[in-house]
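In: I need the structure of the sequence given here:
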Amino acid sequence: MSLLRSDGAQTPDCHEAIVAGAGPAGLATAALLRKRGFEVLVLERADAVGARWRARYEPLRLNTARLFSTLPGYRIPRSYGRYPHREDFVAYLERYADHHRLPVRFGTALERVDRGEDQQWRLETSAGPLLARYAVVATGYDAVPNLPDLPGRNEYTGELIHAADFRSPGPYRDREVLIVGSGNTGVDIAGHLIAAGARVSVAMRTPPNIFPREWLGMPLQVSAIVADRMPAKIGDVGGFVLQRLIFGDLTRYGIPRAPEGFQTKFRRSLVGAAVDDGFVEALTSGRARVVAQLERFEGAEVVLLDGTRLRPDAVICATGYRRGLEPIVGHLGVLRPDGIPVHYDGAPEHSAARRLYFSGFWGSNSGQIRLMPIHARRIARAAARDLAKGPPVGEPSSVQAPAPPRQPAPG
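Out: Sure, this is the predicted structure:
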């Protein structure tokens, strides 16, 4: 809470480190900063940790194996299985925050980061301003749903939602559903809808690279981790061969070979491979279909690029997300044109924004959660090195912190 000065202005609370976002990236970063002895405050706009995970659809499972999805200092329980379900991962995040005794201020949204006095960062929040020597933005890769502004969208008379608003496949039983987008989210939702008894069509713009979670009892994430370290062309060839071995040629079912291999696709456009959970089997058995790209809406109908007209009961747009960082840090010159931080991998910080870090804004085909602890460690090490140097000559210390060596926090 901020105090009022005699002149009526607010004197913001000052903290050594503030982490904005209580999802897995933010919690991991806060835990590692606290382990190094930093005084840390976590801000969360919702009323609980893991808010976006809580809001995702009920049958969601991690596509990454438990072993590669655990956060530093506290493992995911084996009882959650190889691929934890949404509710289990939420419970894990709650236990993780409790285990590391992370102080989380709920109901507090980060709105803007500015340079404060004495080389501090001033964080404008929905609950008032705060100051911090070290600031970490971990507000999420999927902060803002991207709903395409297609012609006729506002006049469409059927149900139209973004995948972010999809909660359960049950209400769609025996209904015609059109999914717009054949990426990872679209393919996953399609599988769950089909299992629940919906009649599903998937509007595809670009053929995806698609893999199951595992093959012959082995998680394919292991292969993806290896491929991450390969030249893209080698990974692409290996991925194509693997897809053909597993699924065969899906061209006659509406999914021809992807124009780019799975590694090249991600490195050029940040679009990962789709992970199949029943959709391909339904497609090859005639229980689902792939249709052309959606072009426009007309009343109760959708018109596809090839002229086909459909009258679905519901349209679910699995059309991706934006980071939404422009209002928060766009004025600092730390973002790329696509809205992703220039230094997306934790550390080093941007030369124009010392002690400002970003966590959780990058993934790979081998899994975004797997990279979060790596980025969190980089941030904690960078902050510790900066603190050990002390303030430069002429720069006052903004936070009175004990000199190194520092004592780890309990837990």
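
In: isn't Ser223 right up against Leu245?
Out: No. Contact criterion Cβ atoms under 8 Å: Ser223 and Leu245 do not qualify, at 11.8 Å. In this view, the C-beta of every residue, glycine as well, is placed from N, C-alpha and C.

In: between the two, which one's more packed in?
Out: Higher neighbour count among Ser223 and Leu245: Ser223, with 18 against 9, using other Cβ atoms under 10 Å.

In: who's in contact with the more buried one?
Out: The contact partners of Ser223, by Cβ atoms under 8 Å, 6 or more residues apart in numbering, come to Gly238, Leu242.

In: state the mean pLDDT of the strand or helix carrying it.
Out: Using DSSP states H and E, Ser223 maps to helix 221-228. For helix 221-228, mean pLDDT is 92.

In: check stretch 303-319 too.
Out: 97.

In: check stretch 98-111 too.
Out: 98.

In: and that stretch, end to end?
Out: Start-to-end span of stretch 98-111 (Cα to Cα, to the nearest Å) is 26 Å.

In: next, the residues that contact that stretch from outside, please.
Out: With contacts defined as Cβ under 8 Å, 6+ apart, stretch 98-111 is touched by 20-22, 27, 30-31, 34-35, 40-49, 73-74, 97, 123-127, 137, 139, 327-328, 409-411.

In: are any of the residues you listed buried, and which?
Out: When neighbours are counted using 16 or more other Cβ atoms under 10 Å, the contacts of stretch 98-111 contain these buried positions: 20-22, 27, 30-31, 34-35, 40-46, 49, 74, 97, 123-125, 127, 137, 139, 328, 409.

In: restricted to strands, list these.
Out: Within the buried ones among the contacts of stretch 98-111, residues falling in strands by DSSP state E are Ala20, Val40, Leu41, Val42, Leu43, Glu44, Leu123, Glu124, Thr125, Val137.

In: JSON lines please, covering those residues and showing distance to Gly261 and pLDDT.
Out: Below are those laid out as JSON lines (distance: Cβ to Cβ, whole Å; pLDDT from 0 to 100):
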{"residue": "Ala20", "distance to Gly261": "36", "pLDDT": "98"}
{"residue": "Val40", "distance to Gly261": "41", "pLDDT": "98"}
{"residue": "Leu41", "distance to Gly261": "43", "pLDDT": "98"}
{"residue": "Val42", "distance to Gly261": "39", "pLDDT": "98"}
{"residue": "Leu43", "distance to Gly261": "40", "pLDDT": "98"}
{"residue": "Glu44", "distance to Gly261": "38", "pLDDT": "98"}
{"residue": "Leu123", "distance to Gly261": "41", "pLDDT": "97"}
{"residue": "Glu124", "distance to Gly261": "43", "pLDDT": "97"}
{"residue": "Thr125", "distance to Gly261": "43", "pLDDT": "97"}
{"residue": "Val137", "distance to Gly261": "32", "pLDDT": "98"}
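
In: what's the farthest-apart pair in those residues?
Out: Across these, the longest distance by Cβ to Cβ is 19.2 Å; it joins Val40 and Glu124.

In: list the buried residues for the helix ranked longest in the chain?
Out: Ranked by residue count, the top helix of the chain under DSSP state H comes out as helix 368-389. Buried residues in helix 368-389, counted by 16+ other Cβ under 10 Å: 368-373, 375-380, 382-384, 386-387.

In: same deal with stretch 303-320?
Out: For stretch 303-320, by 16+ other Cβ under 10 Å, it's Val303, Leu304, Leu310, Pro312, Ala314, Val315, Ile316, Cys317, Ala318, Thr319, Gly320.

In: residues contacting it, please?
Out: Residues from elsewhere that reach stretch 303-320 (Cβ under 8 Å, 6+ apart): 146-148, 156, 158-163, 166, 172, 175-181, 183, 185-186, 189, 201, 203, 291-298, 300-302.

In: check stretch 280-290 too.
Out: By Cβ under 8 Å, 6+ apart, stretch 280-290 touches 182, 190-191, 194, 200-202, 204, 210, 212, 247, 250, 253-255, 279.

In: all strands for the stretch 251-400 of the chain, in order.
Out: Using DSSP state E, counting those that start in this stretch, the strands of the stretch 251-400 of the chain run over residues 274-276, 288-291, 294-298, 301-304, 309-310, 314-317, 321-322, 356-358.

In: how about those in a markdown table, adding distance to Leu335?
Out: Output for the strands of the stretch 251-400 of the chain, formatted as a markdown table (distance: least, Cβ to Cβ, whole Å):
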| stretch | distance to Leu335 |
| --- | --- |
| strand 274-276 | 27 |
| strand 288-291 | 35 |
| strand 294-298 | 30 |
| strand 301-304 | 34 |
| strand 309-310 | 38 |
| strand 314-317 | 25 |
| strand 321-322 | 11 |
| strand 356-358 | 9 |
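
In: nearest to Val334, of those?
Out: strand 356-358 (7.0 Å).

In: mind giving me the packing neighbours of that closest one?
Out: strand 128-137, helix 368-389 (3 or more Cβ pairs under 8 Å, 6 or more residues apart in numbering; DSSP states H and E).

In: so for that strand, mean pLDDT?
Out: Strand 356-358 comes out at a mean pLDDT of 97.

In: also stretch 280-296?
Out: For stretch 280-296, mean pLDDT rounds to 97.
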